[in-house]
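Peer 1: I need the structure of the sequence given here:
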Amino acid sequence: MTARAGPSWTAPGQVRFSLWAPGRASVALELNGAPAQAMQPLGEGWFGLEADASPGSRYRFRLDEELAVPDPAGQALDSDVHGWSLLVDHGAYRWRQADWPGRPWSDAVLYEVHCGVMGGFEGLAERLPDLAGLGVTALQLMPLNAFSGTRNWGYDGVLPYALAPAYGSPDQLKALVDKAHGLGMMVLLDVVYNHFGPDGNYLPLYAGAFFDDDRKTPWGPAIAFGTPAVARYFIDNALYWLETYKLDGLRFDAVHAIGDNAFLDAMAAEIRSRIVERPIHLVLENEANDAARLTAGFDAQWNDDFHNVVHVLLTDETSSYYQDFADRPAERLARCLAEGFIYQGQPSPNHDGRPRGLSSGHLPPTAFVNFLQNHDQVGNRALGERLTQMVAPERLQAAMGLLLLGPQIPMLFMGEEDGSTSPFLFFTDFHDALADAVREGRRREFAKFPAFADPQARATIPDPNAKETFEASWPRPGADPAAWRALVGHLLRLRREHLAPHIETAISLGAEAIGAKAVQASWRLETKTFTLAVNLGEEPAVLSAAPEGPPLAVVGAAPSGGLLAPASFVAWLEAAP
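Peer 2: Presented below is the predicted three-dimensional model:
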């Protein structure tokens, strides 16, 4: 079967409409409010029809007298996920950076951002010169696919090909990418292929075979990637974002919930074979720490282990998944810096003692995306607190040195560069019974934490559906944004000038704990040795065989007498012996 989901232009004014609806005996097309036209059955659950249409035409599929649905592969919406799809002429946009060559992954300094709290595509575009000047080289956009309502993180999407109208139009997204490329910045997109959201997902009503009812995820039935039409739908979606919008890469959300490595590897292979004129970067989120995927077509994985152990060192929090990092955290950070993952098959207390992860010491540092904060680690706190609200500035700035000058790929979360203290809260725009369920469900999630054991305390957790929750989540500069920007800009300049040209050659020379909250690590970078040390504790740490030359960078106090002061970071780059 050669049918593909979504509309395709066959000639000017002519569109081929296709729908995979194996659960229906007949399907009709409604176009621009005209009477429904019966679609032709093509076999294997596919229906198709060619019709006269123009860009901006409204259409949907009529399943029966009472039910009409938008196109699950439609590329724009007239209003919301329950209404009409819109036809888009992607050829109408004139790219200014049509010959953008891309950038190597080793250049990446990621900046995770939610377009909604930046004023949509146009609002974010206004920020780009500032970010580029700071040293950011890649935007990491949170999901853009259409969701119910006007406010959402994007992980409740139900139409993976359609942009959320609240952010802007297809041309406005292209203009954002165009401007970023003109400033030398890459653009990556977070895509969600592990589940659909709870409101507006009509697929079970006409394509039940899309799901595997025998396997569950935290969000409901798993997706049946072993079904060819389903796998094709998602692979084509990945290619759509990369080709149509000229994106530089994708971040695949929670692939451990996909549970089908054959699908993941096939998708990566097809992307690599299809787009060869510029670098494409494929990044995973994978709780399983499956290092094998990082030699099967994927560039890197978000390293939650790095975040979690640094969070424990900074905050002393050890509840929930932080319990996996409570014991000997400095030694665990040393392993993370030297080998990538901390959990490489060891029993995980947070997973009932089950082994987690695979050996990762053979992978290059660039296979790991490190961060101090991200949307999950901030927004999944009950009150959305950033580290600036929990940690003294000097200790957090030392950790920023570790993040931005480590040879792994660093990622900033929007607002970090300004020392923002604004919360980033979990927000949605559901209504009626679903709104009640989401609000009360979130509050129940935190009942196991001592701070929210009391019902009155849980009642203070912001209502995700309140507009005020969304508005409170816009990043605003902290008390001393100039100091934060100076630090971030300085560290990124050092990274760009001294480290980035050699990072692809980095080989770990080992790492060790030099104090209860202090670590020292070294790497070979071609003909040079790069060494860093960080002390996040309250006592001086004894440096181990510290280089004799002047440091490349110091955050906090410079080493003295072989000691690294509390709340300090230092790095050296010297000729290899």
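Peer 1: contacts only, for the spatially closest residue to residue 33 that is not a sequence neighbour.
Peer 2: Excluding the flanking residues, the one nearest residue 33 by C-beta to C-beta, 6 or more residues apart in numbering is residue 58, at 7.2 Å. (Each C-beta comes from the backbone N, C-alpha and C, glycine too.) Contacts for residue 58 (C-beta atoms under 8 Å, 6 or more residues apart in numbering) come out as 31-33, 78, 84-86.
Peer 1: now list the buried members of those.
Peer 2: The neighbour-count criterion (16 or more other C-beta atoms under 10 Å) marks 31, 78, 84-86 among the contacts of residue 58 as buried.
Peer 1: just the residues you listed: which are in strands?
Peer 2: Using DSSP state E, the subset of the buried ones among the contacts of residue 58 located in strands is 31, 85-86.
Peer 1: all helices for this protein, in order.
Peer 2: In the chain, the helices defined using DSSP state H lie at 120-134, 170-182, 203-206, 228-244, 261-274, 304-315, 329-339, 375-379, 393-405, 432-445, 455-458, 467-472, 481-494.
Peer 1: report the beta-bridge partners for residue 302.
Peer 2: Beta-bridge partners recorded for residue 302 (DSSP bridges): residue 369.
Peer 1: quick check, central residue of this structure?
Peer 2: For the chain, residue 190 is the residue whose C-alpha lies nearest the centre (C-alpha atoms, centre = their mean; 4.5 Å).
Peer 1: OK, contacts around it?
Peer 2: Residue 190 is in contact with 140-143, 154, 250-251, 253, counting by C-beta under 8 Å, 6+ apart.
Peer 1: let's see 6 Å
Peer 2: Shown in contact with residue 190 (C-beta atoms under 6 Å, 6 or more residues apart in numbering): 142-143, 251, 253.
Peer 1: rewinding a little: as TSV, the helices of the chain with mean neighbour count would be great.
Peer 2: TSV is the format used below for these (neighbours: other C-beta atoms under 10 Å):
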stretch	mean neighbour count
helix 120-134	17
helix 170-182	21
helix 203-206	18
helix 228-244	18
helix 261-274	16
helix 304-315	24
helix 329-339	23
helix 375-379	21
helix 393-405	22
helix 432-445	14
helix 455-458	13
helix 467-472	15
helix 481-494	17
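Peer 1: show me the shaky parts of this structure.
Peer 2: Scanning the chain for pLDDT under 70 picks out 1-2.
Peer 1: how much space between the residue lying closest to residue 308 once chain neighbours are set aside and residue 421?
Peer 2: Spatial nearest neighbour of residue 308, excluding adjacent residues (C-beta to C-beta, 6+ apart): residue 325 at 5.0 Å. For residue 325, the distance to residue 421 equals 25 Å [C-beta to C-beta, to the nearest Å].
Peer 1: and these two? Which one has more around it.
Peer 2: A count of neighbours by other C-beta atoms under 10 Å puts residue 325 above the other of residue 325 and residue 421, at 25 against 16.
Peer 1: which ones are touching that one?
Peer 2: Contacts for residue 325 (C-beta under 6 Å, 6+ apart) come out as 308-309, 312, 332.
Peer 1: redo that, cut-off 10 Å
Peer 2: The contact partners of residue 325, taken as C-beta atoms under 10 Å, 6 or more residues apart in numbering, are 305, 307-313, 317-318, 332-333, 336, 342-343, 349-350.
Peer 1: quick one: which of the contacts of residue 190 is nearest residue 554?
Peer 2: residue 251 (32.8 Å; C-beta to C-beta).
Peer 1: what is the burial count for that closest one?
Peer 2: If you count neighbours by other C-beta under 10 Å, residue 251 ends up with 25.
Peer 1: likewise residue 545?
Peer 2: 9.
Peer 1: same question for residue 460.
Peer 2: Neighbour count of residue 460, defined by other C-beta under 10 Å: 12.
Peer 1: list the contacts of residue 556.
Peer 2: Contacts of residue 556 were listed using C-beta under 10 Å, 6+ apart, and they are 394-395, 397-398, 401, 534-535, 564-570.
Peer 1: before we move on, the earlier item: so which of the helices of the chain comes closest to residue 290?
Peer 2: Residue 290 lies closest, by C-beta to C-beta, to one member of the helices of the chain: helix 261-274, at 7.5 Å.
Peer 1: show me what that closest one is packed up against.
Peer 2: Contact analysis of helix 261-274 by 3 or more C-beta pairs under 10 Å, 6 or more residues apart in numbering; DSSP states H and E lists helix 228-244, strand 249-252, strand 281-284 as its packing neighbours.
Peer 1: CA atoms only: put the second one into CSV for me.
Peer 2: Output for strand 249-252, consisting of C-alpha atoms alone and laid out as CSV, is shown next (Å, rounded to 0.1, in the frame of the first residue of the first chain):
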residue,chain,number,x,y,z
GLY,A,249,17.0,18.1,14.7
LEU,A,250,14.4,16.5,16.9
ARG,A,251,14.3,15.6,20.6
PHE,A,252,12.1,12.5,21.1
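Peer 1: neighbouring strands for it, and are they parallel or not?
Peer 2: Here, using DSSP bridges, strand 249-252 pairs with strand 186-191 (parallel), strand 281-284 (parallel).
Peer 1: got CSV for the ones you listed, with distance to residue 441 too?
Peer 2: Compiled in CSV, these are given as follows (distance: least, C-beta to C-beta, whole Å):
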stretch, distance to residue 441
strand 186-191, 23
strand 281-284, 27
